[in-house]
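**Student:** Here you go, sequence then predicted model.
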Amino acid sequence: MKAYVMTTGAVFGLLVVVHIWRAILEGPTLAKSPGFLVITIASAALCVWAWRIFRLIPRSRQSEE
């Protein structure tokens, strides 16, 4: 489960970075598009949520031994 949550957070984080990069390259008209903004904000929220869940999952006992 921990690997899945970490992978999901990384994928959504990468999507946010690519969206910001694309907005910088293509100019302010793209950044004003409602669909683009909704997808970027939703991806950022899902990334933060995944990383918060990742931190809350307890470490396995095998790594402590």
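**Tutor:** On my side now, so go ahead.

**Student:** list the helices and strands the helix of greatest length in the chain packs on?
**Tutor:** Counting residues, the longest helix in the chain under DSSP state H turns out to be helix 2-26. Counting contacts by 3 or more CB pairs under 8 Å, 6 or more residues apart in numbering; DSSP states H and E, helix 2-26 is packed against helix 28-31, helix 34-56. Yep, even glycine has a C-beta here, placed from its N, CA and C like the rest.

**Student:** now those helices as JSON lines including mean pLDDT, distance to V16 and mean neighbour count?
**Tutor:** Shown next, in JSON lines, are those (pLDDT from 0 to 100; distance: least, CB to CB, whole Å; neighbours: other CB atoms under 10 Å):
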{"stretch": "helix 28-31", "mean pLDDT": "83", "distance to V16": "13", "mean neighbour count": "12"}
{"stretch": "helix 34-56", "mean pLDDT": "95", "distance to V16": "5", "mean neighbour count": "14"}
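
**Student:** what's the closest of these to V5?
**Tutor:** Set against V5 and scored by CB to CB, the helices and strands packed on helix 2-26 come closest in helix 34-56, at 4.7 Å.

**Student:** Need the nearest residue in space to L46, chain neighbours excluded.
**Tutor:** In space, and not counting its chain neighbours, L46 is closest to F12: 4.6 Å by CB to CB, 6 or more residues apart in numbering.

**Student:** Check what pLDDT that neighbour gets.
**Tutor:** Looking at F12, its pLDDT is 97.

**Student:** Next one: it relative to G27, how far apart?
**Tutor:** 24 Å (CB to CB, to the nearest Å).

**Student:** For these two, work out which one has more neighbours and name it.
**Tutor:** Shown here are F12 and G27; by other CB atoms under 10 Å, F12 has more neighbours (20 against 9).
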